[in-house]
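Chemist: Quick one: sequence plus predicted model below, questions after.
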Amino acid sequence: MPTLFEKIIARQIPGDIVYQDDRVTAFRDIHPRAPVHILIVPNKPIPTANDIEDSDEALVGHMFTVARDLAKREGIAENGYRLIINCNTHGGQEVYHLHVHLVGGAPLGPMLSR
Ligand code: AMP
């Protein structure tokens, strides 16, 4: 079964895609938690951070350089932003296709609340 994000990458279902190349796709989160909330995902399905293989190092690095460039393009680089990867149930992962959340555009508060 393809994940929801695979369907967005393949443009089988709508997604607000802001960047795509042969390795990654970035699209706006459907329920934004901040003025800017973009998900950067590998085009190939890696379910969780646990499933990243050594051979994926360049791909994962590319996800971060794309996040950096999008932060600049969205005008949030200078003030700052947060990059988040949730893993499995304790991490609060909802979609099992690896993704980096790029969130910013306002003060985000403490990283975790207790
Ligand atoms: P996570 O909890 O880290 O797995 O985050 C999954 C994210 O995917 C959530 O922030 C959702 O709002 C977002 N999401 C779910 N469905 C869609 C969709 N169809 N298009 C864009 N973002 C989505």
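Modeler: Now that the structure is in, tell me what you want to look at. Residues are numbered from 1 along each chain as shown.

Chemist: Tell me, how many residues neighbour Ile8?
Modeler: As a burial measure, Ile8 scores 22 neighbours (other CB atoms under 10 Å). Using the backbone N, CA and C atoms, a C-beta is placed for each residue, glycine as well.

Chemist: excluding its backbone neighbours, what's nearest it?
Modeler: Gly15 (3.5 Å; CB to CB, 6 or more residues apart in numbering).

Chemist: Could you confirm that neighbour falls within a strand?
Modeler: No: the assignment for Gly15, made by DSSP: H, G, I helix; E, B strand; the rest coil, is coil rather than a strand.

Chemist: The longest helix along the chain: how far from the chain's middle?
Modeler: Longest helix in the chain, counting residues (DSSP state H): helix 57-73. Averaging C-alpha coordinates over helix 57-73 and over its chain gives two centres that are 10 Å apart (CA atoms, centre = their mean, to the nearest Å).

Chemist: Which strands and helices lie in contact with it?
Modeler: Here helix 57-73 touches strand 17-20, strand 24-28, strand 36-42, strand 81-84, strand 100-104, going by 3 or more CB pairs under 8 Å, 6 or more residues apart in numbering; DSSP states H and E.

Chemist: Give me the below-cutoff pLDDT ranges for this structure.
Modeler: Of all residues in the chain, none has pLDDT under 70.

Chemist: So which bits of it are right by the ligand?
Modeler: 4, 15, 27, 29-31, 39, 86, 92-95 (CB under 6 Å from any ligand atom).

Chemist: And the furthest pair within the residues you listed?
Modeler: Spanning the widest gap among these are Gly15 and Gly92, at 21.2 Å by CB to CB.

Chemist: Among those two, which residue is more densely surrounded?
Modeler: Using other CB under 10 Å, the more surrounded residue of Gly15 and Gly92 is Gly15, with 20 against 9.

Chemist: contacting residues around the more buried one?
Modeler: 8, 27-28 (CB atoms under 8 Å, 6 or more residues apart in numbering).
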